[in-house]
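Colleague: sequence and predicted structure, then a few things I'm wondering about:
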Amino acid sequence: MGDFEIFYRGNVGLVYGLMLARTGNASQAEDLTQETFLRAWRSFHDVATLAAEAQRAWLVRTARNVSIDAWRRQDLEARMSPEPRDVSGEEGEWDLRLDVMQALAELDDGDRELVVMRYVEEMNSREIGEALGMPEGTVRRRLSRCREALAQHLSAWAPDGGVQ
């Protein structure tokens, strides 16, 4: 297995999760993930010389730039059209998923990235801080604020119907 393939396999979940959080669309997230790794492949001779943490930080910055470039290319109507619902599953499950996506969409891009890195990629505050170039305490404070906002938005799904 080559160095780039190892790099790709170790980071594709992170990039896809970030792109999915930014776009809310699985197909678009896949395309943007592919674009991010294309840029990484083109610059891999430089990226390969970095330490693992620095490689991840480079990749997060590149993913952010790719998503911003894509966002700029889209018009407002295209960004606002929802992804079609799959009606084959349980209605309540889809309602919850849609509410979670809506709650995540209400966070700003930076906060949404933090949530994905912490809860999808299971990175700790130190790792997130290194990847994004911010102090560990700032990461924890912002994550706490995000949890509160998400809990409030999703309070109807709590067993007692209130914020937990």
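Modeller: Perfect, thanks for sending it.

Colleague: what sits against the closest residue to Leu18 other than its chain neighbours?
Modeller: Distances taken as C-beta to C-beta, 6 or more residues apart in numbering put Ala63 closest to Leu18, at 5.2 Å, once the chain neighbours are dropped. In this view, the C-beta of every residue, glycine as well, is placed from N, C-alpha and C. The contact partners of Ala63, by C-beta atoms under 8 Å, 6 or more residues apart in numbering, come to Val15, Leu18, Met19, Leu32, Thr33, Thr36.

Colleague: from Thr23, how far off is the fifth one?
Modeller: Read it as Thr33. Using C-beta to C-beta, to the nearest Å, Thr33 is found at 10 Å from Thr23.

Colleague: coming back round to it: please save the CA atoms from the strand or helix carrying the residue nearest to Leu18 in PDB.
Modeller: Secondary-structure assignment from DSSP states H and E places Ala63 in helix 52-73. Output of helix 52-73 as PDB, limited to C-alpha atoms (Å, rounded to 0.1, in the frame of the first residue of the first chain):
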ATOM      1  CA  ALA A  52       0.700  13.500  11.000                       C
ATOM      2  CA  GLU A  53      -1.000  16.300  13.000                       C
ATOM      3  CA  ALA A  54       0.100  18.900  10.400                       C
ATOM      4  CA  GLN A  55      -1.100  16.700   7.600                       C
ATOM      5  CA  ARG A  56      -4.500  16.500   9.200                       C
ATOM      6  CA  ALA A  57      -4.600  20.300   9.700                       C
ATOM      7  CA  TRP A  58      -3.600  20.800   6.100                       C
ATOM      8  CA  LEU A  59      -6.400  18.500   5.000                       C
ATOM      9  CA  VAL A  60      -9.000  20.300   7.200                       C
ATOM     10  CA  ARG A  61      -8.000  23.700   5.800                       C
ATOM     11  CA  THR A  62      -8.100  22.300   2.200                       C
ATOM     12  CA  ALA A  63     -11.500  20.700   2.800                       C
ATOM     13  CA  ARG A  64     -12.800  24.000   4.200                       C
ATOM     14  CA  ASN A  65     -11.400  25.900   1.100                       C
ATOM     15  CA  VAL A  66     -13.000  23.300  -1.300                       C
ATOM     16  CA  SER A  67     -16.400  23.600   0.400                       C
ATOM     17  CA  ILE A  68     -16.200  27.400   0.300                       C
ATOM     18  CA  ASP A  69     -15.300  27.300  -3.400                       C
ATOM     19  CA  ALA A  70     -18.300  25.000  -4.100                       C
ATOM     20  CA  TRP A  71     -20.600  27.200  -2.100                       C
ATOM     21  CA  ARG A  72     -19.600  30.200  -4.100                       C
ATOM     22  CA  ARG A  73     -20.300  28.400  -7.300                       C
END
